[in-house]
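> Quick check, what structure comes out for this input:
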Amino acid sequence: MLKIAYCDDMKKDRDSIMISLGQIEDKWGEEFEITSFSSGESLCDSIAKNHYDIILLDILMNGINGIETATRIRAMGEESLIIFISSYDERVKELFKLGTIGFLDKPLQTGQLEEALLHASSILKKDESVYFTFNKNGSTQHISIKDIIYFENYKNEVILHTLKEDMRFYDSMKSVWEKLQSSDRFIMPHRAFIFNLGYVSIWIDKVTLKTTGVTYNIGNKYSGDTQIRHMKFLEKRCR
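Numbering: from 1, shown residues only. Here you go, the predicted structure:
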């Protein structure tokens with residue numbers, strides 16, 4: 001299920017987006033999880049605790065505009081795919097395309113929105129095609145790395161926290177990290193934890209888990225690698 005947020009300070013435009021999304025749901029035979037926001041501030045407040053796959057974001061808004069909202073979203077470490085919606089001319093559009101996956105005109109056309117969502121979905125599906133493999137009770141398990149929130153060391157076990165459930169298996173954090181360090185989605189800021197960058201915010205020497213709000217210290221030994229991985233992750237998602 002796609003988690004979509006859309007932000008526009010004009011009610012008539014929010015209503016138009018909702019109608020278009022409903023038509024696309026019917027056409028695709030899918031159900032989206034849709035959340036509406038009337039300001040950039042309220043969207044950013046929500047992102048501090050929630051993750052959205054796709055954000056439809058108006059540029060011209062009262063309060064903080066769409067550009068500042070997108071900047072704050074990226075500064076929080078959020079990897080959501082952003083699609084701008086506005087009525088700027090073509091030259092300005094080209095500038096904004098550098099940091100987003102799409103730019104839609106107002107008044108919004110359902111066909112254009114569907115095309116942008118198809119593009120976003122294809123990007124998300126590439127992430128879902130990569131799996132973490134581990135052994136549990138003699139059976140090989142496969143978990144999409146996109147669904148992994150973090151790994152936690154507990155005595156001689158590893159606790160795998162996912163969007164749906166927590167699982168325990170016998171292994172070492174060193175072994176888990178050897179499997180994940182080639183991926184650009186993960187950091188190991190402490191010997192006892194490995195986090196998916198899609199579910200955390202990083203500020204100097206702290207990592208905050210969005211799903212719980214709990215903050216963890218970044219160990220001095222792991223600080224450099226953690227910051228480099230975080231920056232590369234954000235740069236790649238903003239292309």
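
> For this protein, give me the ranges with low pLDDT.
When residues are selected by pLDDT under 70, those of the chain lie in 77, 88-99, 127-129, 237-239.

> From the geometric centre of it, which residue sits farthest away?
Distance from the C-alpha centroid of the chain, by C-alpha atoms, centre = their mean, peaks at Gly138 (33.0 Å).

> I'd say Ser223 and Asp205 touch.
Yes: counting by C-beta atoms under 8 Å, Ser223 does reach Asp205; the two are 6.7 Å apart. (Glycine included, C-beta is placed from N, CA and C.)

> what's the neighbour count on Ile34?
As a burial measure, the neighbour count of Ile34 was computed by other C-beta atoms under 10 Å and equals 18.

> which one is it nearest to, not counting chain neighbours?
In space, and not counting its chain neighbours, Ile34 is closest to Ile4: 5.1 Å by C-beta to C-beta, 6 or more residues apart in numbering.

> Just the buried positions in the helix or strand the one you found falls within, please.
Here Ile4, judged by DSSP states H and E, is contained in strand 3-7. Counting neighbours by 16 or more other C-beta atoms under 10 Å, one finds that the buried residues in strand 3-7 are Ile4, Ala5, Tyr6, Cys7.

> just stretch 117-136 next, same as before
Leu117, Ala120, Ser121, Phe132, Phe134.

> Any chance you could list what contacts that stretch?
Contacts made with stretch 117-136 from outside it, assessed by C-beta atoms under 8 Å, 6 or more residues apart in numbering, are listed as 2, 24, 53-54, 81, 83, 101-102, 140-146, 148, 158, 160, 167-169, 171, 176, 179-180, 183, 185.

> okay, now the domains of this structure?
3-128, 131-238 (automatic domain parsing).

> How far does the longest one sit from its chain's centre?
This means domain 3-128. Going by C-alpha atoms, centre = their mean, to the nearest Å, the spacing between the C-alpha centre of domain 3-128 and its chain's C-alpha centre is 13 Å.

> The last one too?
On the basis of C-alpha atoms, centre = their mean, domain 131-238 is displaced by 15 Å from the centre of the chain it belongs to.

> rewinding a little: just the buried residues of stretch 117-136: which are in strands?
Restricting the buried residues of stretch 117-136 to those inside strands, with DSSP state E as the criterion, leaves Phe132, Phe134.

> Would you mind putting the buried residues of stretch 117-136 into CSV with distance to His190 alongside?
Putting these into CSV (distance: C-beta to C-beta, whole Å) gives the following:
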residue, distance to His190
Leu117, 37
Ala120, 33
Ser121, 34
Phe132, 19
Phe134, 20
